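Chemist: need a 3D model of the sequence below.
(2 chains)
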2 protein chains.
Amino acid sequence: MDIKIGLLGCGTVGGGVVELIRMRADKIAAMTGLHPVITDVLVRDPDKKRNVTFEHELLTTNANDIIQNDEIKVVIETIGGIEPAKTMILAALRAGKHVITANKDLIALHGPEIMEVAEQEKLDFLYEAAVGGAIPLIRPLKESLTANEISDLKGIINGTTNYILTKMTESGANYEEVLREAQELGYAESNPSSDVDGLDAARKLTILASIAFGTKVSLDDVKVDGIRSITAADVAYAHELGAVIKLLAVGKDDGHALYLQVRPTMVPKAHPLAHVNDAFNALFVHGDAAGDLMFFGRGAGSLPTASAMVGDVIETLRNMSMAIPSRFRTGPVTTKAVKKGSPEPLRYYLRMHAKDRPGVFAHIATIFSNAEISMETVLQKRAHDNQAEIVIVTHETPSGSIESAILQLNDLNDLLEIKNVIPMEKGDA
Amino acid sequence: MDIKIGLLGCGTVGGGVVELIRMRADKIAAMTGLHPVITDVLVRDPDKKRNVTFEHELLTTNANDIIQNDEIKVVIETIGGIEPAKTMILAALRAGKHVITANKDLIALHGPEIMEVAEQEKLDFLYEAAVGGAIPLIRPLKESLTANEISDLKGIINGTTNYILTKMTESGANYEEVLREAQELGYAESNPSSDVDGLDAARKLTILASIAFGTKVSLDDVKVDGIRSITAADVAYAHELGAVIKLLAVGKDDGHALYLQVRPTMVPKAHPLAHVNDAFNALFVHGDAAGDLMFFGRGAGSLPTASAMVGDVIETLRNMSMAIPSRFRTGPVTTKAVKKGSPEPLRYYLRMHAKDRPGVFAHIATIFSNAEISMETVLQKRAHDNQAEIVIVTHETPSGSIESAILQLNDLNDLLEIKNVIPMEKGDA
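Modeler: Residues are numbered from 1 along each chain as shown, chains lettered A, B, ... in the order given. Predicted coordinates for the structure are as follows:
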């Protein structure tokens, strides 16, 4: 039996979904007993040139042609952003259609509201592609690791920043230069803020954290630092220190509260996350029974995203063919205190410029000593204009101590500028 | 509502399952609406000392106390091996009980037969723990990656051999010595054949391959080489060549046939699988839409295995609470030609002893040249007693050519012995 599917939006991801469903329609029919056919596609401009050739599909600029069409049983949303996607998805659910989306912004901000409607209507609302592209993350967290108390999530979940940091590491070029290249290649948007300021990673972290830690999480709960402050000098020092700089999304449940943070981090080369390059994503998970787990794969792109979305379509068709209602509506089962930042002492890399005169380092060392911070590595180089560049890597230090030391350093006359402060991971997972 | 669970066998894994279900019973009840209670445990000797304290559970030596008990709705099998596990599982399914197992030997040999019974009875038969311990592998392959044609599986899926090879690499010790230590520590069995001869990995590969490639696979379809032939000398040369030796399970669908193989392999250190050490497991998957994926985690152990089994219990309870029948009964959807070995040209490492006299190497080089094999690296060292040790790494070579060269080398008078031939992976995934 044919199952008619409506597609909202047909950009890069939508095109991949059309292509993959066409390629696999017969195989999906053999697996599920139902034959998927995309019949209607909502686009802004029907005359725009696309990578997909439309043969039997009806292109429309009116969402109601899909949402009010009783023959369409499944809607795939690839428009992105909050509106009009939210209104369309809610209308589709209320009209009795299963919905599949990759819309991380929408899930991060309005996920619970939409899931409640899907639950009332006993419909599937699936979003495996919203985090980690092709990597199965949502389903393993929701279904496979449910016997665990998860204490740690740690991942590289934004492809654009990982691409930029990888290129900076490989070429030694500065942030602005690599960003411009990435924009020219289409890997970064003309307004790159959502990626480079860490917001996209923060949204994905709230989605993962709400599932993994089984609690309500909002975007405001995440401490967010992006990668704009990372310079070629920091990348070079990272290399000298045996590390690479990565933008990590970190969730930590210490038994009392849940801590959430997105931050550039020095990752030692012995750590598996140090080798996750370009547009690849990876997520580390620590469960009390399972121990350490890692999931790795392509975090974006037309076909990798379509892989996850069409996987969701297949689950929906299986459920339809067996008359199984939407299964996984379980929201948060506990309410935990959620805090920004990290509860654990971290190592810190500090890079600063000081006057190149005797006694400066002694002053700095005294401040660290008074804050009870011990130093692991010190590098000092002559900069220009009678300035010295001093790099210090601390041993593990509570965040309060490092903040207090930074305040005192700022008052130090001979210290001209603290150029950057970046936390540093331990060597292994 | 309490759901009574019967446990068949209470060794290391069974003890972990009891512990984890007790720890998580309330959380599971909050998630599923059903409260799991292990009421009956089949053991061989009720008086044996165990790590678990039994309070309310009835220990029995009679399987029928569980299988014929109408109050028990779910049976967890942790006995292992083919019989009596198979008979008990089939009887439990026929008596209307859902079954969860980690029994890879049984699934590899009799999986289809048991799944057919589960399907007839509309019951769950789940076995996520059978491959890769805590790592979600079965469910992602069955549910998340279904939109893909999988072309490659490549993994480290036997913990014992990975432990032995890791220790040989770290210590430089010989195989026999490390095996003895592993046996003393309980990491290897007194009869280690199933692990070190590659059979355990081959059984797990048949389970993964039948799901990933959607076809019938039997153990006889797998070319199997174990690690007994690996010496400290090979491990040292691997290091010299920038690689480590790993036992890889490899499945490759080249579009015409499926090729299956378990073999020791030199893995360059730039390859992510080179860093999977000790008892960790990892699986690489390549799908045509998803691209490269990797799953990494603990492949064995009491709690990691229990993590996967109790995850399956939770799925079963969810299905019960929603009156959902067993969902994933889809067996193979195609029948493919299945062949042993590898369809692709590989690089090969050859270590041989020859008489230390002029002209020997020229003879060897001529044989390689006649077989159209080009050499990438040649190392030659003086061994003892006027013997030279020659190590050759070839460029990519069809398996037919390397076999023909080996035949000719064996006829060469000055060549005393071919000590080992080990294929070598490319540097990246």
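Chemist: and the gap between the most far-flung residue of chain A relative to its centre and chain B?
Modeler: Distance from the C-alpha centroid of chain A, by CA atoms, centre = their mean, peaks at A:P358 (45.8 Å). Distance, A:P358 to chain B, by CB to the nearest CB, to the nearest Å: 45 Å. Yep, even glycine has a C-beta here, placed from its N, CA and C like the rest.
Chemist: just A:H98 next, same as before
Modeler: From A:H98 to chain B the distance is 16 Å (CB to the nearest CB).
Chemist: hmm, that residue is touching A:V74, no?
Modeler: Yes: counting by CB atoms under 8 Å, A:V74 is a contact partner of A:H98 at 4.8 Å.
Chemist: kindly check the end-to-end length of stretch A:269-280 for me.
Modeler: 17 Å (CA to CA, to the nearest Å).
Chemist: buried ones in that stretch?
Modeler: A:271-277, A:279-280 (16 or more other CB atoms under 10 Å in any protein chain shown).
Chemist: one more: stretch A:358-375?
Modeler: Buried, per 16+ other CB under 10 Å, within stretch A:358-375: A:360-361, A:364, A:367-368, A:371, A:373.
Chemist: and which of those is nearest A:D45?
Modeler: Among the buried residues of stretch A:358-375, A:I373 lies closest to A:D45 (CB to CB), at 58.4 Å.
Chemist: ok but the closest one is inside a helix, no?
Modeler: No: using DSSP: H, G, I helix; E, B strand; the rest coil, the secondary structure at A:I373 is coil, not a helix.
Chemist: count of neighbours near A:E184?
Modeler: Residues lying near A:E184 (other CB atoms under 10 Å in any protein chain shown) number 9.
Chemist: isn't there a helix covering A:K154?
Modeler: No: with three-state DSSP as the criterion, A:K154 is strand rather than part of a helix.
Chemist: so what's it closest to, chain neighbours aside?
Modeler: If the residues on either side of it in the chain are set aside, A:K154 comes closest to A:F284, at 4.4 Å by CB to CB, 6 or more residues apart in numbering or on different chains.
Chemist: mean confidence score for whichever strand or helix holds the one you found?
Modeler: Under the criterion of DSSP states H and E, A:F284 resides in strand A:280-287. Averaging pLDDT along strand A:280-287 yields 97.
Chemist: and after that strand, which helix or strand comes next?
Modeler: Counting by DSSP H and E, what follows strand A:280-287 is strand A:291-298.
Chemist: after that next one, next one along is what?
Modeler: helix A:302-321.
Chemist: touching chain B at all, that next one?
Modeler: Yes: counting by CB under 8 Å from any CB of the partner chain, chain B has neighbours in helix A:302-321: A:303-304, A:306-311, A:313-315, A:318-319.
Chemist: tell me the buried residues in that helix?
Modeler: A:302-320.
Chemist: please apply the same query to stretch A:343-356.
Modeler: A:345-354, A:356.
Chemist: related to what we said a few turns ago, now, which of the buried residues of stretch A:269-280 lie close to chain B?
Modeler: Near chain B, by the rule CB under 8 Å from any CB, you find A:272, A:275 out of the buried residues of stretch A:269-280.
Chemist: contact partners for the residue nearest to A:K154?
Modeler: Residues near A:F284 by CB atoms under 8 Å, 6 or more residues apart in numbering or on different chains: A:152-155, A:272-273, A:292-294, A:429.
Chemist: columns pLDDT on top of the residues you listed, output as CSV?
Modeler: Output for the contacts of A:F284, formatted as CSV (pLDDT from 0 to 100):
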residue, pLDDT
A:D152, 96
A:L153, 97
A:K154, 97
A:G155, 97
A:P272, 83
A:L273, 91
A:D292, 96
A:L293, 97
A:M294, 97
A:A429, 47
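Chemist: among those, name the buried ones.
Modeler: A:152-155, A:272-273, A:292-294, A:429.
Chemist: now for the residues you listed, which pair is the farthest apart?
Modeler: Of all pairs in the buried ones among the contacts of A:F284, the most separated under CB to CB is A:L153 and A:P272 at 14.6 Å.
Chemist: which stretches of the stretch 301-429 of chain A have low pLDDT?
Modeler: Applying pLDDT under 70 to the stretch 301-429 of chain A picks out residues A:326-333, A:427-429.
Chemist: show me where it has its helices.
Modeler: A:302-321, A:360-370, A:399-410 (DSSP state H, counting those that start in this stretch).
Chemist: next one: the stretch 101-250 of chain A
Modeler: Assigned by DSSP H, counting those that start in this stretch, the stretch 101-250 of chain A shows helices spanning A:104-120, A:138-139, A:159-171, A:175-184, A:193-196, A:199-212, A:232-240.
Chemist: quick one, which of those is nearest to chain B?
Modeler: helix A:138-139 (5.3 Å; CB to the nearest CB).
Chemist: could you dump stretch A:104-114 to PDB, C-alpha only?
Modeler: Below are the C-alpha coordinates for stretch A:104-114, written out as PDB (Å, rounded to 0.1, in the frame of the first residue of the first chain):
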ATOM      1  CA  LYS A 104      17.000  21.400  16.600                       C
ATOM      2  CA  ASP A 105      16.100  25.000  17.300                       C
ATOM      3  CA  LEU A 106      12.400  24.200  17.500                       C
ATOM      4  CA  ILE A 107      12.900  21.100  19.700                       C
ATOM      5  CA  ALA A 108      15.300  22.900  22.100                       C
ATOM      6  CA  LEU A 109      12.800  25.800  22.600                       C
ATOM      7  CA  HIS A 110       9.400  24.100  22.200                       C
ATOM      8  CA  GLY A 111      10.000  20.400  22.200                       C
ATOM      9  CA  PRO A 112       7.900  19.600  25.300                       C
ATOM     10  CA  GLU A 113       4.900  21.500  24.000                       C
ATOM     11  CA  ILE A 114       5.000  19.700  20.600                       C
END
